[in-house]
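Asker: I'd like to go over a predicted model; first the sequence, then the structure.
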Amino acid sequence: MPGWRGAEAMLEIGGLHKSFGGVHALAGVDLRVDEGEIVSVIGPNGAGKTSFFNVVTGLYPPDGGDIMFEGRSIVGLESSEITEAGIARTFQNVRLFLNMTVLENVMVAQHCRTRAGAFRAVLRTPFLRREEAEIETRAKETLAFFGTRLVGYRFDQPALSLSYANRRRLEIARAMATRPKLLLLDEPVAGMNPRETAELTGLIRKLREERGFTVVVIEHDMRVVRDVSDRVIVLDHGVKIAEGSYDDVSSNEAVIEAYLGGS
Amino acid sequence: MDTFLWIVRVGAIILLIWGVAGTVVQGLSGQGPTGEAWRDLVVAGIAQGAMYGLIALGYSMVYGVLGFINFAHGEVFMSGGMVGFFVANYLWEVRLWETNFVLAILLVLLSSILTSTLVAVIVERIAYRPLRASPRLIPLITSIGISFFLQYTFAGLFGVAVKNYPPPPDSLRSRVSLLGLEIEGSKLLVIVVAVATMVGLYLFVEKTRTGRSIRAVAEDKEIAALMGIDVNRTIVATFAVGGAMAGVAGTLWALLFRGVSFITGFLPGIKAFTAAVLGGIGNLPGAMAGGVLLGLFEGVGPQLVLAGFGIPGVSQLKDVVAFTALVLVLIFKPTGLFGERLSAEDRA
């Protein structure tokens, strides 16, 4: 693979271990993601893909191994600190703030990028007003990334009222709003119809091309994986069994075996 | 089991109608309270209920964010009223209380708010934060312990005697005419301050950045953290705001009843908890409405329902009415009158 073994990795993971009561969700995973890449993580159910996201974003502490983000270890940081450092994610089973409006969902994700604290929030100083206006503008602009689906009258609707596909889009917008460098998408097209899937595939590419995010995506839909990935990493039983271009990986013996459940 | 509940429901409704009918019959035959007496009962009920509503907000907010009932919240309220007394007493001694009552009561209010906020935040830091990861029952039991701890700390520090605020000026004791109704000045003040505070809180939660964080944390702490929100700071803010509301209530209590003691927080605390459940726990407008309704129930209920049965001295039975109202709400509509505001974890 030319190009990706460059100077400094954006995310570099070594020997990552995580077990849940005897089940090794991650049994020594090594991987790196370079700036500007779109990397897909695939593997059968229970391979440890989501556990990998959960450990990287600080939801669970790893049992062993190291996670370096831009040359700095992020093991042991709070989730909010990891987000502040520049990693944001979405969830397999969309988890929005359903009682809040579409706009508020995106605005609240920018709080880690604002400076005015609670004291100013109560006094409503000019600085705070300016900052609030700014994050509102930015929220609207982020929502416009998805065309007309989440704009206009939708701004003030509760997230609860959105369709399933729009909830998925809003979740991506919310993650974008934390202004990350690295975006982790957990099955972004799960449950979407072919037309929506095709549209979102295009958007994933646009996330890098227009917004400059580095993207790691967990996906089961192989057409999406083929269309978006620079590189594919295959996990099975908590270990990396293959890595390379889509074509390399899709013809790899070990991968086929893992998927077909060979002995 | 269902039949049993059904009998309870029908029985409750029959008793309610019977009592009210009895009171109406008494009223028609010229016995019972006069129109003015009813009016005073309603006004007193609303004033006391508005105060319950302010305390109930603290229960509801903490429940919304952490999912347990902070039974020490009554003591947070009491601590504000207690420190407010010392400030009021000092202002009385330096004669500011008489010469400039508005300034004096503002100072009392401020000290009460500061104390309650501080107590609420310290309790969170010392007692609840270390238990964040434990099952919800554990902070709940801890809060009962904290409640007693605070009561007897205040008893030990300041004695067990009831402390009476200096008398309010005559203007507050006389009646004010409002929309053709003669209302006692202090009660009107209590209602106005409580409503203004509630509106302020509502705007704070709905419109400000900290309010937005609080709502996000209430819905899903894990996701809030992943979206970069400092969860600990937001929880502190929640306790602080709930404490400030209780602090306002502490001063309002003083305006209504004048006396505070170390035990003052107990009954209003339980009543406010009732009010929060009545309105739907976790639901802020519900807590406010629940408070006012509970105040009305216990203000008017004894005269309206119990007097119809010919029970003597009904005004002493207001606690019975208040807690019966709670039981009835739990039987008829367990999620409260205005519905619980569910967080993501509860919804799943």
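Answerer: Good, I have the coordinates.
Asker: Report how many residues lie close to residue A:153.
Answerer: Residues lying near residue A:153 (other CB atoms under 10 Å in any protein chain shown) number 7. No exception for glycine: its C-beta is placed from N, CA and C like everyone else's.
Asker: quick one: it and chain B, what's the gap?
Answerer: Distance of residue A:153 to chain B, given as CB to the nearest CB, to the nearest Å: 19 Å.
Asker: Then residue A:52?
Answerer: Per CB to the nearest CB, residue A:52 is found 15 Å from chain B.
Asker: part of a helix, is that residue?
Answerer: Yes. Membership of residue A:52 in a helix is supported by DSSP: H, G, I helix; E, B strand; the rest coil.
Asker: close enough to count as contact, it and residue A:235?
Answerer: Yes. With contact defined as CB atoms under 8 Å, residue A:52 counts as touching residue A:235 (7.1 Å).
Asker: Next, show the common contact partners of those two.
Answerer: By the contact definition CB atoms under 8 Å, 6 or more residues apart in numbering or on different chains, residue A:52 and residue A:235 are jointly contacted by A:29, A:41.
Asker: which regions of chain B lie under the pLDDT threshold?
Answerer: Residues of chain B that meet the criterion pLDDT under 70 lie in B:1, B:180, B:340-348.
Asker: Who are the contact partners of the closest residue in space to residue A:187 that isn't next to it in sequence?
Answerer: Sequence neighbours aside, residue A:92 is the residue nearest to residue A:187 in space, at 4.8 Å (criterion: CB to CB, 6 or more residues apart in numbering or on different chains). By CB under 8 Å, 6+ apart, the contact list for residue A:92 reads A:50, A:186-187, A:190, A:218.
Asker: Out of these, who's the most crowded?
Answerer: Busiest of these [other CB under 10 Å] is residue A:218, holding 25 neighbours.
Asker: For residue A:205, see how far away the residue nearest in space to the middle of chain A is.
Answerer: Central residue of chain A (CA atoms, centre = their mean): residue A:184, 1.6 Å from the mean position. Taking CB to CB, to the nearest Å as the measure, residue A:184 falls 16 Å from residue A:205.
Asker: sorry, back to before: can you pull the contacts of the closest residue to the residue nearest to the centre of chain A other than its chain neighbours?
Answerer: Here the nearest residue to residue A:184 in space, its sequence neighbours aside, is residue A:89; by CB to CB, 6+ apart that works out to 3.9 Å. Residue A:89 makes contact with A:53, A:57, A:175, A:183-186, B:226, according to CB under 8 Å, 6+ apart.
Asker: Farthest-apart pair in those residues, please.
Answerer: Distances among the contacts of residue A:89 were taken as CB to CB; the most separated pair is A:185 and B:226, at 13.4 Å.
Asker: what about the closest residue to chain A within the stretch 101-250 of chain B, which SS state?
Answerer: Residue of the stretch 101-250 of chain B nearest chain A, by CB to the nearest CB: residue B:228 (2.9 Å). Three-state secondary structure (criterion: three-state DSSP) places residue B:228 in coil.
Asker: how many neighbours does it have?
Answerer: 25.
Asker: which phi and psi does the residue nearest to residue A:187 have?
Answerer: The phi/psi pair for residue A:92 (degrees, to the nearest 10) reads phi -60, psi -50.
Asker: Tell me which residue of the stretch 101-250 of chain A lies closest to chain B.
Answerer: Counting by CB to the nearest CB, the stretch 101-250 of chain A gets nearest chain B through residue A:112, at 2.9 Å.
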